[in-house]
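>>> Kindly return the folded structure for what I paste below:
(one chain, ligands or ions: 2)
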Amino acid sequence: MSAYSSNNQPTLVTLQAHILEQQTRFPEATGTLSWILSALSISTKIIANHVRRARLDDVLGNVGNENVQGEQQQKLDVIANEVLLRTLGKREGVAVVASEENEEPVMLRQVGEGKYCVLFDPLDGSSNLDVCGGVGTIFSILRYDNPAHSENGWLQAGAKQVAAGYVLYGSSTILMMSIGLGVDMFVLDPAIGAFVRVAEQLKIPHSNKSYSLNEGNRLTFPAGYNKYLDWAQAHGYSSRYVGAMVADVHRILLKGGVFMYPPTQKAPKGKLRLMYEANPMAMLIEQAGGKAMATPQQRILDIVPTAIHQRVPVILGSPNEVDHVLAHLSE
Ligand code: AHM
Ligand code: MG
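Ligands and ions are numbered 1, 2, ... in the order given. Next comes the predicted model:
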């Protein structure tokens with residue numbers, strides 16, 4: 001079904017129109033959040049353009065610096081980060097921005113002058129860039145308008161996110177977003193320069209015999225993960241792993257299955273970052289009817305962070321598939 005010509009969807013809905021439509025459901029809304037979402041949309045269109053042109057513009061490869069996580073910064077990590085900082089910096093409602101690429105959150109306005117904290121991973125999976133693989137931007141928005149928020153006020157549990165989403169720069173540019181009213185999907189139409197809504201209220205399949213994790217780390221996984229993998233392989237499961245969270249989670253959200261990044265010897269707390277990778281993905285997955293856990297007892301969205309770049313183990317996806325993993329971890 002085309003986004004432009006459906007019988008039950010006579011009007012074309014762009015992301016902009018969708019955001020304004022959802023804003024009307026909150027009579028007290030001032031439009032500040034909508035304005036921030038629109039800045040994110042513009043940023044990701046600019047980043048999409050850089051990603052498409054990366055080899056032509058000779059911006060592939062490392063900058064030669066390490067970010068705060070001790071990882072090599074790619075040139076496009078830096079470009080994408082600057083695009084987001086510049087676009088969001090101008091939006092009045094933004095009090096704080098925090099990025100995977102910056103050691104400390106950047107205070108733009110005091111409590112009272114800005115209402116929101118915007119956290120992001122500007123270019124997730126950027127090592128995939130050199131081989132033209134899928135990469136993405138992940139974002140999370142928290143309120144920051146309470147006097148209690150003044151010191152490290154961004155350290156809030158993911159359950160408090162007011163919006164979350166990601167953009168996948170793949171064979172097409174896809175934006176997935178939730179403001180707590182389900183998950184909606186948009187595709188960037190390069191001909192008109194706008195994200196066009198292609199699906200509303202997306203639901204993740206309950207089951208799918210598919211798992212996604214870096215099996216190369218298997219020798220140092222906690223035993224329960226290996227028991228799960230033995231069980232899954234004996235039961236005809238397929239393995240799919242791109243190595244870019246946005247691309248891997250996008251497939252799980254649409255087709256079902258389970259995505260995991262377990263603790264390893266190299267990353268004993270897991271590799272993925274809680275506040276701008278795991279939390280936004282967990283919100284989308286739960287809003288689509290899935291599950292997102294750090295351990296059998298710990299829902300990701302309930303974790304109260306103690307540091308902006310904190311890491312967390314991740315098990316998320318179809319409810320039945322997450323349950324299979326948790327059962328093996330609990331044995
Ligand atoms: P990055 O934010 O530095 O790009 O790292 C995060 C990425 C995720 O996209 C992906 O799930 C994971 O790292 C892959 O890690 P590994 O190469 O260890 O499998
Ligand atoms: Mg990342």
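>>> okay, CA-based contacts and neighbour counts for the rest of this
OK.
>>> Can you get me the start-to-end distance on stretch 291-304?
Stretch 291-304 has an end-to-end distance of 18 Å (CA to CA, to the nearest Å).
>>> which residues are contacting that stretch?
Defining contact as CA atoms under 8 Å, 6 or more residues apart in numbering, one finds that stretch 291-304 is touched by 155-159, 274, 278-279, 282-283, 285-286, 312-319, 322, 326-327, 329-330.
>>> That stretch: which residues count as buried?
Using 16 or more other CA atoms under 10 Å as the test for burial, stretch 291-304 gives Lys291, Ala292, Met293, Ala294, Thr295, Arg299, Ile300, Leu301, Ile303.
>>> Repeat that for stretch 47-65.
Buried residues in stretch 47-65 (16+ other CA under 10 Å): Ile47, Ala48, His50, Val51, Ala54, Val59, Leu60, Gly61, Asn62.
>>> Does the fourth one belong to a helix, a strand or coil?
Look at Val51: counting by DSSP: H, G, I helix; E, B strand; the rest coil, its state is helix.
>>> For Leu85, see how far away it is.
In this view, Val51 and Leu85 are 17 Å apart by CA to CA.
>>> And the first one, by the same measure?
Counting by CA to CA, the separation of Ile47 from Leu85 is 12 Å.
>>> Where does the residue nearest the centre of the chain sit, in terms of helix or strand?
For the chain, the residue sitting closest to the mean C-alpha position, by CA atoms, centre = their mean, is Ile138 at 3.5 Å. Assigned by DSSP states H and E, Ile138 belongs to strand 135-143.
>>> Can you give the contact residues for that strand?
Contacts for strand 135-143 (CA under 8 Å, 6+ apart): 44, 115-126, 128-129, 154, 156, 160-170, 244, 246-247, 275-277, 279-280.
>>> swap the cut-off to 6 Å and go again
Here strand 135-143 makes contact (CA atoms under 6 Å, 6 or more residues apart in numbering) with 115-125, 161-169, 246, 280.
>>> restrict those residues to those near ligand 1?
Near ligand 1, judged by CA under 6 Å from any ligand atom, the entries from the contacts of strand 135-143 are Asp124, Gly125.
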